[in-house]
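Asker: Below is the sequence, then the predicted model.
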Amino acid sequence: MLTVLLILIPLVAGLLTFGLKGSGPKTVGLISSLASLAVTIAALFQFRTAPETLSHSCNWIPQLGATFSVGLDGMGMMLSLLTSISFVLIFIVINKREYDRANSFYALMLLSQAGLMGVFAAYDAMLFYFFWELALIPVYFLCSLWGGEKRIPVTFKFFVYTFAGSLLMLIGIIYIYLQTPEHSFSYASFTTAALPKETQSCLFWLFFVAFAIKMPIFPFHTWQPDTYEQSPTPVTMVLSGIMVKMGLFGVIRWLLPVLPQGAYVWSDVAIVLSIIGIVYASCIAIVQSDFKRLIAYSSIAHIGLMSAAIFANNEQSLQGVLVQFFNHGINIIGLWIIVEIIQDRLKVKSLNDLGGIAAYAPRMATFLVIISFANIALPLTNGFIGEFLMFSGLYQYNPWFMAVAGLGVILGAVYTLNMVQKVIFGQPNQLTETTTDLRGNEMLALSVIVAIILVLGVYPKPMLELVQSTTELVNKVY
Amino acid sequence: MNALISTALSGVLMMFAGLFVKNKQSIKFVAIVALLICFAANLAELSTLQGESRTLYGMITVSSFSILFNAVAFGATLLYFMLSGSAFEKVGEHVSDYFALVFFILSGITLASSFSSLLMLFLAIEIISIPQYILAGSDKKSPKSSEASLKYFLMGSFSTGILLMGITLIYGASGSFLISELGIGDGAVSPLALCGVILIAFALSFKVSAAPFHFWTPDVYDGAPSVFTSFMATVVKAGSFIAFIRLFHGAFTGAISKDWQLLLALVTAATLIIGNFTAVFQQSVKRMLAYSSIAQAGFMLLSVIAFSDFAAKGIILYAAAYSVATIGIFAVLIKMKDYTFDGFNGLAKKEPLVAAVTTICLLSLAGIPLTAGFFAKYYVLTAAVQEGNLFWLVIIAVVCAAISVYYYFRVIMAMYFKSGEPGVEEMSGGFKALLVVTAAIVILLGVFPGLLLQFV
């Protein structure tokens, strides 16, 4: 039941919020996200003692064989933890902002949380598809209504891209559904469908394109930097911290177990595409002068590494990916929070207009440095363990792939440190002299993030244990 | 049978109502009551029905499928009367006659859903078509309306001629009009029968506005008074489809199906591509909806080509989903002063509720989950995938569905993301309440399509 609650709380709160006025939306948003977090923690305890109680199934469309089946395994558990923590952080950070039509803004944010939770919990292909699309629609409206100048064409491109990908996946789902003996969408019958190898290798692309667009990996990434740049920053946090995980999650939950041979046939191609993405995006990030675009490209590079590690598909690489799911989400949300703060104070996005903030906002500078280190996966930060495992797994798969992907780490250090340098060090200008340091709520959110970074950097064991069940399961199927 | 008799009688009743009832609101009320009676009479037949009932020398066969389709058509028409019935007055003086014509079309549709003889098919198609010629030209002061009517009449009678010729050839090949006795698919296919099937396929493609027989559609839908376009593009089109699917799945099976399947697959591909691509370039929402109706016809054609359990369910769900959503959008469109996309600018600020309902209807037409349109598309696509050798067509359909997002979302963008002062007529509270009901139906069918499908 807890799993259903995780979807229901933001859904109901979101629908309620449409009708609220004044500071009501803010309060409901914060309460709902805290409630989700509490339920997630409760679910976490239950997961340790009796994981089967987190599954829930009932009839939905009996004529089709679609059921409302939800459940949480280690991966789902971790992603729901990431989702609920992120939304709490986001709502804390934007607590002092005043949005035009705040009720719609908060309502759509909560609805997107419900959609995301549904995606991570669904154990029925139809339900998965349903939530997959549902998570998209609120985000489309959020970007289009509160985004930057070019928001309308940009978010439209984003929508059409992902919608086209989803439709291809729908065809794949329909095909597999018709092949299952009892005509069912359930996860169990999908994973036991055991399709012939040729069919699998065709179907692979229908699913892969959908997931690749969402992640995004090269050459399906062109919507992403524009969308991240134009979206309001809280939405960018959702997009880059959580929504990109939908694609990776889809590969681990649905692609590898359902089409193992298809994935086997095409894994080299997928890894090569991912690695091209890493190098390409890192190079572009180096020459970016726009703060938001830089982080957007760095995100493509990180996601590329995760996707390569997934297709390397051994236990170490998968463990690394799953741990990195959480850590990448936390780190990138931390970066966006700082971007949001700087934008709010100074109203500029170009790195060239910034500089010398350290003198005026020392606490913010400290946080930025720590989060940036985590972003380039320095030891003692949370990013390290995940990247280490992924590289190690990739090395086992093919040392050459690992070598090229490793370039991404070096390039990553170049652009991240460059950014840090331009933002907080150097000569302050007239504008940056006006910077004020963190406020209470921002301080709170960033402290939580830094605490997570340091704790998991030193003691990653709980995370590794949490995802163990998933990595074992996937490897068995493969 | 009940449905056929009750709609025909209601048509006559409405003609007389014009003589005795002078208040136009009361005429609308009489029409709604008459339609409710038809609806009830139609469903009442379900209780006494055992399997199939054949009447009229075996020329009409009533099954639960046909009753369900009638119920969908009557339900959609009911919604249409309630949402747009008041707009009939603006077209011309003879309000009751318009209602009568709609009822006659409905009786043609009930015949289309239950014919079991080619003669009855011909009658059904004609009964559906002739009132439409009149409705298209009902705005006598507008040259565009008259042009639409004339164009539709000429083209329509031409295609009727082709239909008749096809029926004749099939009669020549099989010696019977009864579907059950045709047997043209058994054994070797005779060239005579094949010619007949192709001619019928072309004639029906014209009626459902499939490419390359679609040229009349944009002009007629654009020229006809909007309130009647709404009906012609939805319930009537669904009625023609039910005739199409029943004939081809009922009579032209067996060996001959291979011959027409490829032909219709090409027609479907052309319809999807032309409909969707042309809709992208439209400047008027009404004309966009005309092309969108061609595009949607392409999807419905998928269920004609595919023989499967999903096809029949799919066409019913599609008819319901498409009709309800389009009727909802047209009801709003009729209230707009400017039919271009720019005319919708800023509607969300001025009429948030109306804009929200329009958005839900548009999302349904685009086939986004949570709306009825998604499961409608899902069913026809599943039917086509199950057919096996139509995978190429499925991919085309999916690409076209992605394109369709472009033109449906243009309206959403205009309403929400652009600022402007839209010219809208005053909308009553009742009208808005009905719009909310429309949106509720769309979402309800989108989450629980089983509500409708459990009856199939």
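Answerer: Happy to help now that I have it.
Asker: any chance you could map the strands in the stretch 101-250 of chain A?
Answerer: Counting by DSSP state E, counting those that start in this stretch, the stretch 101-250 of chain A yields no residue ranges for strands.
Asker: near chain B, which residues of it?
Answerer: With the criterion set to C-beta under 8 Å from any C-beta of the partner chain, the stretch 101-250 of chain A comes near chain B through A:129-130, A:133-134, A:137, A:141, A:144-145, A:151-152, A:156, A:159-160, A:163-164, A:167-168, A:170-171, A:174-175, A:177-178. For the C-beta atoms, the positions are set from N, CA and C on the backbone; glycine is no exception.
Asker: Are any of those buried, and if so which?
Answerer: Applying a neighbour-count criterion of 16 or more other C-beta atoms under 10 Å in any protein chain shown, the buried members of those are A:129-130, A:133-134, A:137, A:141, A:144-145, A:151-152, A:156, A:159-160, A:163-164, A:167-168, A:170-171, A:174-175, A:177.
Asker: Could you verify my assumption that residue A:39 touches residue A:7?
Answerer: No: here residue A:39 does not reach residue A:7: they are 10.2 Å apart, not a contact under C-beta atoms under 8 Å.
Asker: which of these two has more neighbours?
Answerer: residue A:7 (24 against 20; other C-beta atoms under 10 Å in any protein chain shown).
Asker: So which bits of chain B are right by chain A?
Answerer: On the criterion C-beta under 8 Å from any C-beta, chain A has as its neighbours in chain B the residues B:313, B:363, B:368-370, B:374, B:378, B:381-382, B:385-386, B:394-395, B:398-399, B:401-402, B:405-406, B:409, B:413, B:416-417, B:448-450, B:453-454.
Asker: give the contact list for residue A:275.
Answerer: By C-beta atoms under 8 Å, 6 or more residues apart in numbering or on different chains, the contact list for residue A:275 reads A:304, A:308, A:401, A:404-405.
Asker: Please identify which of those residues is nearest to chain B.
Answerer: Nearest to chain B among the contacts of residue A:275, counting by C-beta to the nearest C-beta, is residue A:304 at 25.0 Å.
Asker: The closest one should be in a helix, yeah?
Answerer: Yes: counting by DSSP: H, G, I helix; E, B strand; the rest coil, residue A:304 is found in a helix.
Asker: and it, what is it in contact with?
Answerer: Going by C-beta under 8 Å, 6+ apart, the list of residues near residue A:304 reads A:217-218, A:274-278, A:281, A:405, A:408.
Asker: Can you tell me how far it is from residue B:194?
Answerer: Distance from residue A:304 to residue B:194, counting by C-beta to C-beta, to the nearest Å: 56 Å.
Asker: Break down the stretch 301-450 of chain A into its helices, ranges please.
Answerer: Using DSSP state H, counting those that start in this stretch, the helices assigned to the stretch 301-450 of chain A run over residues A:315-346, A:357-360, A:362-375, A:382-397, A:399-424, A:440-458.
Asker: which of the contacts of residue A:304 count as buried?
Answerer: The neighbour-count test (16+ other C-beta under 10 Å) marks A:217-218, A:274-275, A:277-278, A:281, A:405, A:408 as buried among the contacts of residue A:304.
Asker: List just the nearest of those to chain B.
Answerer: Out of these, the one with the shortest distance to chain B is residue A:217. That distance is 19.7 Å, counting by C-beta to the nearest C-beta.
Asker: surely that closest one meets residue A:273?
Answerer: Yes: in this structure, residue A:217 sits in contact with residue A:273. The criterion is C-beta under 8 Å, and the distance is 5.6 Å.
Asker: which residues does the residue of the stretch 301-450 of chain B found nearest chain A contact?
Answerer: Using C-beta to the nearest C-beta, the closest approach of the stretch 301-450 of chain B to chain A is made by residue B:402 at 3.8 Å. With contacts defined as C-beta under 8 Å, 6+ apart, residue B:402 is in contact with A:160, A:163-164, A:167.
Asker: these two touch, right, residue B:88 and residue B:98?
Answerer: Yes: with contact defined as C-beta under 8 Å, residue B:88 counts as touching residue B:98 (5.1 Å).
Asker: Can you find the helix or strand in chain A with the smallest mean pLDDT?
Answerer: In chain A, no helix or strand scores lower on mean pLDDT, DSSP states H and E than helix A:461-477, which sits at a mean of 74.
Asker: Residue of chain A nearest chain B, please.
Answerer: With distances taken as C-beta to the nearest C-beta, chain A approaches chain B most closely at residue A:164, which sits 3.8 Å away.
Asker: In contact with that residue, which residues?
Answerer: Counting by C-beta under 8 Å, 6+ apart, residue A:164 makes contact with A:213, B:398-399, B:402.
Asker: Considering the residues you listed, which possesses the most neighbours?
Answerer: Neighbour counts for the contacts of residue A:164, by other C-beta under 10 Å, peak at residue A:213, which reaches 24 neighbours.
Asker: Name the nearest residue to it, ignoring sequence neighbours.
Answerer: Distances taken as C-beta to C-beta, 6 or more residues apart in numbering or on different chains place residue A:165 nearest to residue A:213, at 3.9 Å, with adjacent residues excluded.
Asker: can you list contacts of the helix or strand containing residue B:229?
Answerer: Residue B:229 belongs to helix B:226-231 when elements are defined using DSSP states H and E. Counting by C-beta under 8 Å, 6+ apart, helix B:226-231 makes contact with B:77, B:80, B:84, B:87-88, B:90-91, B:98, B:102, B:105, B:135-136, B:138, B:221-222, B:286, B:289-290, B:326-327, B:330-331, B:333-334, B:339, all of which sit outside it.
Asker: Report all helices and strands that the following helix or strand past it contacts.
Answerer: Toward the C-terminal end, the helix or strand that comes next after helix B:226-231 (DSSP H and E) is helix B:237-250. Applying 3 or more C-beta pairs under 8 Å, 6 or more residues apart in numbering or on different chains; DSSP states H and E, we find helix B:237-250 packed against helix B:64-84, helix B:95-112, helix B:118-136, helix B:191-207, helix B:257-280, helix B:285-305, helix B:309-335.
Asker: In PyMOL, how would I select the buried members of the residues of chain B next to chain A?
Answerer: Restricted to the buried members of the residues of chain B next to chain A, where burial is judged by 16+ other C-beta under 10 Å, the PyMOL selection command reads as follows:
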select buried, chain B and resi 313+363+368+369+370+374+378+381+382+385+386+394+398+399+401+402+405+409+413+416+417+449+450+453
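Asker: show me what contacts residue A:390?
Answerer: Applying C-beta under 8 Å, 6+ apart, one finds that residue A:390 lies in contact with A:305-306, A:308-309, A:316-317, A:320-321, A:324.
Asker: tell me which element the residue lying closest to residue A:225 once chain neighbours are set aside falls in.
Answerer: Beyond its immediate neighbours in the sequence, the residue positioned closest to residue A:225 (C-beta to C-beta, 6+ apart) is residue A:296, lying 4.3 Å away. Assigned by DSSP H and E, residue A:296 belongs to helix A:291-312.
Asker: Quick one: mean pLDDT over that helix.
Answerer: Along helix A:291-312, the predicted local confidence has a mean pLDDT of 88.
Asker: Run the angle between it and helix A:315-346 for me.
Answerer: Angle, helix A:291-312 to helix A:315-346, by axes from the mean of the first three to the mean of the last three C-alpha atoms, to 10 degrees: 170 degrees.
Asker: Off-centre distance for helix A:291-312?
Answerer: 11 Å (C-alpha atoms, centre = their mean, to the nearest Å).
Asker: got the angle between it and helix A:362-375?
Answerer: Put simply, helix A:291-312 runs at 30 degrees to helix A:362-375, going by the same axes, to 10 degrees.
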